[in-house]
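# Make a model of this:
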Amino acid sequence: MTTDHEITPDTSVGVSWLALLCVLVIISGSLFMVHVLWPDSFVDVAVWVVVAEVIGAVAAVFIRQARRRHRVASGGIEAIGIVERSEPWRRQGQEGSEDTIGTVVTVVFIDHDGRIRRTAQSIEDVLRVGQRVKLRYLPDRLDVADGVVLVSTYTSD
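Take a look at the predicted model:
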């Protein structure tokens, strides 16, 4: 009998949601004031276009990340890996919310050609050295960070 626990990836990209929200609020507030003070100016329109492009680019990064993860998780080759290294981290939660606890792990696994591979990933879970995990990978993207996705812990009874 096996029991699995799904692994949650760290999708923060090094920027907290609060920091991103604050930047967007400040930019929006500044642009609103520009619009109120100079409604007919070409610069006003140009600034709005630039801001829309920046917001679109940030959204595209998150969407691209999610699509790649889904592609690997749904169409990749399954393997079992072992946590070789585990370094815990903690991201302080905003007021009223809990801290996020996670781990940067290095997982060793054998690919479809019998070669030993390693992947390092930041996850919102705590994994121990020696723990077994299920992962999926795309053979043509093994050397790229997003070519391997940790799926779940693996425990056989």
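# Tell me the buried residues in the longest strand along the chain?
Using DSSP state E, we find that the single longest strand of the chain is strand 77-91. By 16 or more other C-beta atoms under 10 Å, the buried positions in strand 77-91 come out as Ala79, Gly81, Val83, Ser86. (Glycine included, C-beta is placed from N, CA and C.)
# quick one: average confidence on stretch 136-149?
The average pLDDT within stretch 136-149 is 84.
# That should have said stretch 35-48, apologies.
Stretch 35-48 carries an average pLDDT of 68.
# Kindly report the same for stretch 66-73.
For stretch 66-73, the mean pLDDT works out to 82.
# what's the spacing between that stretch and its chain's center?
Put simply, stretch 66-73 sits 11 Å off its chain's centre (C-alpha atoms, centre = their mean, to the nearest Å).
# go on, stretch 126-141?
Relative to its chain's centre, stretch 126-141 lies at 15 Å (C-alpha atoms, centre = their mean).
# what about it, start to end distance?
Length of stretch 126-141, first residue to last, C-alpha to C-alpha, to the nearest Å: 26 Å.
# Would you mark the buried spots in it?
Leu127, Gln131, Arg132, Val133, Lys134, Leu135, Arg136, Tyr137, Leu138.
# Same check on stretch 148-157?
For stretch 148-157, burial by neighbour count (16+ other C-beta under 10 Å) applies to Val148, Val149, Leu150, Val151, Ser152, Thr153, Tyr154.
# which of those residues lies closest to Gln121?
Leu150 (5.8 Å; C-beta to C-beta).
# so who does the closest residue to the closest one other than its chain neighbours touch?
In this structure, Leu150 finds its nearest non-sequential neighbour in Ile7, 4.6 Å apart by C-beta to C-beta, 6 or more residues apart in numbering. Residues near Ile7 by C-beta atoms under 8 Å, 6 or more residues apart in numbering: Ile123, Asp125, Leu127, Val133, Leu150, Val151, Ser152, Thr153.
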